[in-house]
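1. Return atomic coordinates for the entry below.
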Amino acid sequence: MLPSYLGVCQGDGVNYNSIGKILDTVERHGWSAASVSFGSGGSLLQRLDRDTQKCAYKCSLAVVDGDEVEVYKEPITDKGKTSKKGRLTLQCEDGVYTTVEHGKGDPEKDLLVPVFENGELLKDYTFEEIRQRAQITPNEIDILNFLAEDK
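-> Have a look, this model is predicted:
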């Protein structure tokens with residue numbers, strides 16, 4: 001066992017099934033499970049990641065010496081991973097949200113609002129406002145089906 005002030009935190013690849021396998025490996029190598037903790041972002045509640053909805057947060061525009069520069073990636077191995085470029089707009093039509101590239105969206109319909117700008121907090125949302133916007137209820141999370149799918 002490690003000293004009480006020292007431990008191992010495993011966060012990558014952690015899910016309902018992998019925790020047991022990780023602990024078996026720890027024990028097989030003569031370590032104590034008391035020396036290990038697990039990160040909580042590893043799909044223990046919901047197996048959602050940026051690939052679930054083909055979603056990733058990336059820079060799309062930079063200002064360099066006062067000039068706007070489009071920023072994007074265009075992998076030669078997977079054209080499906082080409083990112084949007086320029087100043088983006090987020091629009092909702094018939095309940096479907098769409099992120100639109102610079103020059104293709106309607107600025108009047110843009111749902112994005114500045115929250116931080118140049119280190120200044122412009123809009124301070126309450127936790128209740130965020131929860132209402134998310135509109136997720138415990139009934140929408142079917143943990144038993146999730147665990148069955150993860151096997």
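2. Contact partners for the residue sitting furthest away from the middle of the chain?
-> Distance from the centre of the chain peaks at Gly30, with 35.2 Å (CA atoms, centre = their mean). Residues counted as contacts of Gly30 (CB atoms under 8 Å, 6 or more residues apart in numbering): none. No exception for glycine: its C-beta is placed from N, CA and C like everyone else's.
3. any idea what it is structurally, helix, strand or coil?
-> coil (DSSP: H, G, I helix; E, B strand; the rest coil).
4. How about Gly86?
-> Applying three-state DSSP: Gly86 is coil.
5. Run a quick neighbour tally on it.
-> 18 (other CB atoms under 10 Å).
6. Per-residue pLDDT of it, please?
-> At Gly86, the model reports a pLDDT of 91.
7. Asp49 too?
-> pLDDT, Asp49: 64.
8. looking at the chain, which helix or strand does the model trust least?
-> Between all helices and strands in the chain, the lowest mean by mean pLDDT, DSSP states H and E belongs to helix 143-149, at a mean of 47.
9. Is the residue lying closest to Ile22 once chain neighbours are set aside bridged to anything, and to what?
-> By the measure of CB to CB, 6 or more residues apart in numbering, the closest residue to Ile22 outside its immediate chain neighbours is Gln10, 6.1 Å from it. In this entry, Gln10 is beta-bridged to Phe38, by DSSP bridges.
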